[in-house]
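# Here is a sequence with its predicted model. Questions after.
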Amino acid sequence: MKIKIFVFIFLIFNSIPVFAYEYKIGTWKTAQTIQPFFYEKFLGDNSKVSVFHFTNPGDQKTALLAGSLDMCGTTLAHAIHSASLGQPVVIVSSLCNKCSALVVKNNENIENISHLKGKKIGYVPGTMHEILLRETLKRNNLSPEKDVQLMRVDFFDMGIALAKGGIDAFLSGEPFPTIAQTQGYGKILSHPYYGESIGDINAGMLVTGKIIKEDPDLVYALVKAHIKATQYLNANKPEWFKKASEFGNSIPVLEKASENMELAWDMDQEFVKKAKALGQRMQALGVIANQPDYDKLFDLSFVNRFKEE
């Protein structure tokens, strides 16, 4: 009888996969933030990767600071805002560039930015898109507070709001601008990147200063997997689009939207310089009260280590 029990327990334990470590990663279910879904393929140490999907950077950062995640995606604007408040967050790689577009309702005779005066514009506070929207309005002598009506609308509701007339325009990430254009209720008025200052930087991968101090090898393993996943997807776009289509968008839409999306991992001093320019614009626009310590916010050592190997 004892032998039977021993054999039963042996079989049970040997039927359960034994993982070296379970990495917990946060990201959005979007084509431009998809790399974490491929990390397990490149870790190669019998590790498991559990990917938790969120709809905004704030919730991801909260889970990270609570210790529920090892790493998560973030918009650079949100990371700068968090660091300006003294929160111990560190960006260790880029995630994506570009992805933003200003969309207006078709047949509304909105042919340039100045025609947005008096219009209702959808946006999500605290995102890169908000900064780009405010920057675009300012550069065209429109006050975000007095000349237009900014309306908080979730990314996933912007298309419906525009189609039904609830708003006249929105600035968001792909693929919503491409969907609005292909379905005929909207047209892309501009891709608001300002190369001489902010440029097309968008999002990065975030960890805590605590995990870098306690387990830098874990952070490097994740950064290395992120780099390899990014390189793999950029070289295998059909697989990128196939996986992204599981999030609810058709492959033709994703193929079109990819013209305005760039999966990324590299960071250098030029990247940090653009992030500082973004931080300056955020302070000028009243989004943050003071500048963060950029030497603490950006840690280039992990991507540099990969380049040197």
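Happy to help now that I have it.

# so residue 199 bridges to which residues?
Note on residue 199: beta-bridge partners by DSSP bridges are residue 194.

# count of neighbours near residue 220?
17 (other C-beta atoms under 10 Å). Heads up, the C-betas are built off the backbone N, CA and C, glycines and all.

# just checking, it touches residue 302?
Yes - taking C-beta atoms under 8 Å as the definition, residue 220 is a contact partner of residue 302 at 5.3 Å.

# what's residue 256 in contact with, if anything?
178, 182 (C-beta atoms under 8 Å, 6 or more residues apart in numbering).

# what mean pLDDT would you report for the helix or strand hosting it?
Here residue 256, judged by DSSP states H and E, is contained in helix 251-257. Averaging pLDDT along helix 251-257 yields 96.

# Helix or strand next in line after it, which one?
Beyond helix 251-257 toward the C-terminal end (DSSP H and E), the next one is strand 261-263.

# what's the next helix or strand after that next one packed up against?
Per DSSP H and E, strand 261-263 leads on to helix 269-284 as the next helix or strand towards the C-terminus. Packing partners of helix 269-284 (3 or more C-beta pairs under 8 Å, 6 or more residues apart in numbering; DSSP states H and E): helix 76-84, helix 128-139, strand 201-208, helix 294-297.

# Can you tell me which of the ones you listed has the worst average pLDDT?
helix 128-139 (a mean of 91).

# list the buried ones in the next helix or strand after that one?
Where DSSP H and E defines the elements, the next helix or strand beyond helix 128-139 is strand 149-152. Residues of strand 149-152 classed as buried: residue 150 (neighbour count, 16 or more other C-beta atoms under 10 Å).

# outside of the very next helix or strand once past strand 149-152, which residues touch it?
Of the helices and strands lying after strand 149-152 in sequence (DSSP H and E), the nearest is helix 158-163. Here helix 158-163 makes contact (C-beta under 8 Å, 6+ apart) with 103, 105, 122, 153, 166-170, 172, 176, 179-180, 183, 185-186.

# what's the most buried one of the helices and strands packed on helix 269-284?
Comparing those by mean neighbour count (mean count of other C-beta atoms under 10 Å), strand 201-208 comes out on top with a mean of 26.
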